[in-house]
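Generate a structure from the sequence data that follows.
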Amino acid sequence: MWKVSRQIGKPGSDVGEFDYARGLRVSRDTGNVIIADVNNKRVQIFDGNEKYLYHWSVEVKGMKLCPLDVHRMTSDLVIGAIEGQAVIWSCPDVTDYSGVETRILKTFGNEYFVFPRSVVSNERKQLFVSDVGKHVVVSHDWEGNVIRSIGGLGSGDSQFNWPYYMCQDDKGRLVVSDSHNRCVKLFDRDLKFISSFGHGYFACACGVAQEDGGNFVVGDYDKQSILRFSADGKFMEYLDQDMELPSSSVATGNNNEIFAAFQDGVKVYTRS
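Next comes the predicted model:
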């Protein structure tokens, strides 16, 4: 049995408030939660106990843009998927942000992305970006150069119909929620298809994350539910269902907690 133990943020535009929280990640080192605050056009950081720590505006070449996902590459670097491109910022993973100034180090993809949705990095210094506009997933090096692209609109193993959020699992595989094909797909580091799961359970697979024990957590945007699957893709249980608002993305934290982003903030689930 799972319950909401606390909520991070509330609706609004002041610091610590949200106008559509979406992509989020939880640091295993500090427990900090980094969250894309879409319509306020900023990224916010909280500690694991709801305390606001820091934020920065998402601004590229004088234009404020909407962030859709954020991912910590290293203890000093953050990558984000924003309108039409990906951005790498300098931002430390610390508990005291006094004196910290976030800087843009690189932007890339503006010439070929249509609607980038999610970003993930791995230990091989690869960056993966899902693009729901082109129905592709693209791998890059840390300079933003394209290594490989897979996909195109379709229902085949290596095709997508709106690839939404992604994560990397404990085996180094890329896990992609293929939302309108209503499943989750797994690929190796070279973007070769391995397997899929969740067929028959989703209306719109959206956020995806892996728990410490290897199980997967997946949010279904249209059914307004959050589901759990075993490490080999077998359905286990509904973590929550018939929610008042849909959850766009999920993340796992320390102490077996599940973080889910909603329009008005982030809910933290614990097993009771």
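
what's residue 257 in contact with, if anything?
5, 26, 48, 268, 269, 270 (CB atoms under 8 Å, 6 or more residues apart in numbering). Yep, even glycine has a C-beta here, placed from its N, CA and C like the rest.

so the fifth one makes contact with residue 247?
No - no contact is recorded between residue 269 and residue 247 when judged using CB atoms under 8 Å, the distance being 10.2 Å.

Mutual contacts of those two, please.
Common contacts of residue 269 and residue 247, defined by CB under 8 Å, 6+ apart, comprise 226, 260.

The two: which is more packed in?
Between residue 269 and residue 247, counting by other CB atoms under 10 Å, residue 247 is the more crowded of the two (26 against 21).

Could you check the pLDDT of residue 216?
Looking at residue 216, its pLDDT reads 98.

again with residue 50
91.

what helix or strand does it sit in?
Using DSSP states H and E, residue 50 maps to neither a helix nor a strand.

and it, how far is that from residue 200?
37 Å (CB to CB, to the nearest Å).

Just want to know which of these two has more residues nearby.
Between residue 50 and residue 200, counting by other CB under 10 Å, residue 50 is the more crowded of the two (15 against 7).

Not counting sequence-adjacent ones, nearest residue to the more buried one?
What sits nearest to residue 50 in space, not counting adjacent residues and going by CB to CB, 6 or more residues apart in numbering, is residue 8, at 5.1 Å.

Who are the contact partners of that neighbour?
33, 35, 46, 50, 259, 265, 266, 267, 268.

Surely the last one touches residue 258?
Yes - here residue 268 reaches residue 258: they are 7.3 Å apart, a contact under CB under 8 Å.

Who has more neighbours out of these two?
A count of neighbours by other CB under 10 Å puts residue 258 above the other of residue 268 and residue 258, at 25 against 21.

Who is the more buried one paired with across the strands?
residue 252, residue 269 (DSSP bridges).

ok now do it, which residues does it touch?
With the criterion set at CB under 8 Å, 6+ apart, residue 258 makes contact with 2, 209, 211, 217, 226, 239, 250, 251, 252, 268, 269, 270.

Distance-wise, check it relative to residue 217.
6 Å.

Next: residue 196.
16 Å.

Can you list the strands that the strand or helix carrying residue 184 pairs with?
Assessed by DSSP H and E, residue 184 sits inside strand 183-187. Within its sheet, strand 183-187 is paired with strand 174-178 (antiparallel), strand 193-197 (antiparallel), according to DSSP bridges.

Determine which stretch of those is the most buried.
strand 174-178 (a mean of 26; mean count of other CB atoms under 10 Å).

what's that strand in contact with?
With contacts defined as CB under 8 Å, 6+ apart, strand 174-178 is touched by 120, 122, 128, 130, 137, 160-169, 184-189, 191, 196, 205-208, 210, 216, 218.

and residue 34, what are its bridge partners?
residue 25, residue 45.

For the chain, identify the residue most remote from the centre.
residue 99 (27.3 Å; CA atoms, centre = their mean).

Now that one. Its backbone dihedrals?
Torsion angles at residue 99 (phi, psi; degrees, to the nearest 10) stand at phi 80, psi 0.

Can you tell me how far it is from residue 92?
Counting by CB to CB, the gap from residue 99 to residue 92 is 10 Å.

repeat for residue 38
As for residue 38, its distance to residue 92 is 24 Å (criterion: CB to CB).

of these two, who's got more company?
Each of residue 38 and residue 92 has its neighbours counted (other CB under 10 Å); residue 38 has more, 24 against 16.
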